[in-house]
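Trainee: A predicted structure for the sequence below; I have some questions about it.
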Amino acid sequence: MRRSGVSRLAASPTMIGAVTVLIVIVAVFLAYNANRGLPFVPTYRLAAELPNAASLVPGNEVRIGGARVGLVESIEPVQHDDGSVTARVSMTLDADVEPLPDDSTVIVRARSALGLKYLELVKGTASDGYPQGSVMPLAAARPEPVDLDEVLNMFDRPTQAAVRANLVEFGNALAGRGPELNSALGELPETLTYLEPVMRNLGLPRTQLGRFVRTLAATAAEVAPVAETQAAMFAALDTTFGALAEVARPYIQETISESPPTLEVATATLPRIRPFLRNSEALFADLGPAAASLRANGPLLASALETGIPALRVAPDLNRQLPPIARSLLAFNDDPTVRTGLARLDQTGSILSPTLRFIAPAQSVCNYASLLLRNVGSMVTERNASGTWQRFIIFEPPAGPNNEGGPSSAPANGPGIKNFLHFNPYPNTAAPGQPRECEAGNEPYLVGRQVIGNVPGNQGTVTDGQR
């Protein structure tokens, strides 16, 4: 019975598919986290203080004696009380490294000439070690080595040109002069014979050789302030070349051997990439206004998409109803009478177009038509049991000659402050040829002035119910 159950299980396509999917998920998970260490594997976490992270990035290797023992997990800046800033590098190491001797040192090294780095731990010999989660002090960090690219950067274009010129001149000086060089070497012993009395003369007091030496001492005293810097440079060079000796094979050797093909690929590829980069720059420059507009209108677009989802769901039903509608529209379009009517309608639109261009802004910009209908409707909204009321207000005309209370021979123009005519029969409504403003209802009352026509200045386009 048991074997029969196993056979049925193995013959089940659903079970086989589920197991296969589970294995694929586990494989993908392990591959995705491979650079961070395998899950469920014990690790030894350690941090180190460095003067400079020196282009390290999370995921770089940590090595001991050239063998990989872990990864750089994170890099954080640390600011001290004196204002200086160092770097703290968190590492995830293999469990068999624990405990790392507390006299161990750490140094950042170059992995290739292209700038890739790794962290090198040099194990000490102390009996005590760093416990889990400890931080290696700044004293454990060795001076940053001089990378090969920094050494090569000394040979810039002017230096290369000078070296090339020197080699050419040295070659010109020695070319074809082999016999002369042999002759000079043959006469050198005789020259040394004459050198002895010359040196004896230099040793005489009247030559003041001592004064010359004292002058040299003064010259050396002038450069004494930078002696420590020079000594540090030689010490650093010793450290650098010692570090290079440790990694000369195979790392520097591989770097040197791989640099020529790398440079050849870069030389062939970069000219092809340059037009792409130039076009990308222009594309992103053109996308700048669109991105700014998208940021401002993002909520509106999101709302439109949310509103469009229900419409898309019922779109199939609408599409099924469209064929008979389309056939009816086609028959309607083929009808000669309809063609004539459409031509008349197009003609009517052409005739009305200038008028509509002038009138349309009164509603589309200033909302005047909606305000008119609203005000007309609200004029008779008050009512009682007998019917509706018409609302109105009585204005008392100002006193003075030619006032608005009766016939006049001229527009009111004082003398009182209130007896000035303000009349604008054609206010600006953002129509073609007019300023973009909604003047009706927005005119300021200019006290003590007669205003007939448009009020000076732009009153904007803000009206009630429209922003």
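Mentor: Cool, got the structure.

Trainee: Burial check on Arg109, number of neighbours?
Mentor: 18 (other CB atoms under 10 Å). C-beta: built from backbone N, CA, C; applies to glycine.

Trainee: Please look at it and Leu121 and confirm they touch.
Mentor: No: taking contacts as CB atoms under 8 Å, Arg109 lies outside contact range of Leu121: 10.7 Å.

Trainee: So which residues of the stretch 301-450 of the chain form helices?
Mentor: Under the criterion DSSP state H, counting those that start in this stretch, the stretch 301-450 of the chain contains helices at 315-334, 336-364, 368-378.

Trainee: average pLDDT for the second one?
Mentor: Yep, that's helix 336-364 we're talking about. When pLDDT is averaged over helix 336-364, the result is 88.

Trainee: Likewise for the last one?
Mentor: In this model, helix 368-378 has a mean pLDDT of 85.

Trainee: Repeat that for stretch 452-464.
Mentor: 87.

Trainee: Please apply the same query to stretch 316-333.
Mentor: Here the average pLDDT along stretch 316-333 is 87.

Trainee: Which residues belonging to that stretch are considered buried?
Mentor: Residues of stretch 316-333 include none that count as buried (16 or more other CB atoms under 10 Å).

Trainee: Could you check how far it is from the centre of its chain?
Mentor: Averaged C-alpha coordinates place stretch 316-333 at 51 Å from its chain's average position (CA atoms, centre = their mean, to the nearest Å).

Trainee: Show me the contact partners of that stretch.
Mentor: Under the criterion CB atoms under 8 Å, 6 or more residues apart in numbering, residues Val338, Arg339 lie in contact with stretch 316-333.

Trainee: got the CA coordinates for it in PDB?
Mentor: Below are the C-alpha coordinates for stretch 316-333, written out as PDB (Å, rounded to 0.1, in the frame of the first residue of the first chain):
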ATOM      1  CA  PRO A 316     -16.400  45.200 -24.100                       C
ATOM      2  CA  ASP A 317     -20.200  45.600 -23.900                       C
ATOM      3  CA  LEU A 318     -19.900  49.000 -25.600                       C
ATOM      4  CA  ASN A 319     -17.700  47.500 -28.300                       C
ATOM      5  CA  ARG A 320     -20.300  44.800 -29.100                       C
ATOM      6  CA  GLN A 321     -22.800  47.600 -29.600                       C
ATOM      7  CA  LEU A 322     -20.600  49.700 -31.800                       C
ATOM      8  CA  PRO A 323     -20.800  47.600 -35.100                       C
ATOM      9  CA  PRO A 324     -24.500  48.300 -35.800                       C
ATOM     10  CA  ILE A 325     -24.000  51.900 -34.700                       C
ATOM     11  CA  ALA A 326     -21.100  52.100 -37.100                       C
ATOM     12  CA  ARG A 327     -23.200  50.600 -40.000                       C
ATOM     13  CA  SER A 328     -25.900  53.200 -39.200                       C
ATOM     14  CA  LEU A 329     -23.400  56.000 -39.300                       C
ATOM     15  CA  LEU A 330     -22.000  54.700 -42.600                       C
ATOM     16  CA  ALA A 331     -25.500  54.700 -44.100                       C
ATOM     17  CA  PHE A 332     -26.100  58.100 -42.600                       C
ATOM     18  CA  ASN A 333     -22.800  59.400 -44.100                       C
END
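
Trainee: picking that back up, could you dump the helices of the stretch 301-450 of the chain to JSON lines with distance to Ile452?
Mentor: JSON lines is the format used below for the helices of the stretch 301-450 of the chain (distance: least, CB to CB, whole Å):
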{"stretch": "helix 315-334", "distance to Ile452": "54"}
{"stretch": "helix 336-364", "distance to Ile452": "21"}
{"stretch": "helix 368-378", "distance to Ile452": "21"}
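
Trainee: how near is Asp335 to Leu342?
Mentor: Between Asp335 and Leu342 the distance, using CB to CB, to the nearest Å, works out to 10 Å.

Trainee: helices and strands of the chain: which one bottoms out on pLDDT?
Mentor: Across the helices and strands of the chain, mean pLDDT, DSSP states H and E gives its lowest value to helix 2-10, namely a mean of 52.

Trainee: Need the pLDDT of the most centrally placed residue in the chain.
Mentor: Nearest to the mean C-alpha position of the chain, by CA atoms, centre = their mean, lies Phe284 at 11.2 Å. What the model reports for Phe284 is a pLDDT of 86.

Trainee: how long is stretch 434-445 from one end to the other?
Mentor: End-to-end distance for stretch 434-445, by CA to CA, to the nearest Å: 21 Å.

Trainee: Show me which residues of that stretch are buried.
Mentor: Buried-residue list, stretch 434-445, by 16+ other CB under 10 Å: Glu437, Cys438, Glu439, Ala440, Asn442, Glu443.

Trainee: For it, give me every contacting residue.
Mentor: 365-368, 371, 422, 424, 427-430, 451, 454-455, 458-464.

Trainee: Taking those residues, please make a ChimeraX selection of just the buried ones.
Mentor: The ChimeraX selection below is limited to those of these classed as buried (16+ other CB under 10 Å):
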select :365,366,367,368,371,427,428,429,430,451,454,455,459,461,463
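
Trainee: The contacts of stretch 434-445 in strands, which ones?
Mentor: Residues of the contacts of stretch 434-445 located in strands (DSSP state E): His422, Val451.

Trainee: Now do Ala11, the pLDDT please.
Mentor: On the pLDDT scale, Ala11 is placed at 57.

Trainee: Thank you kindly, that will do.
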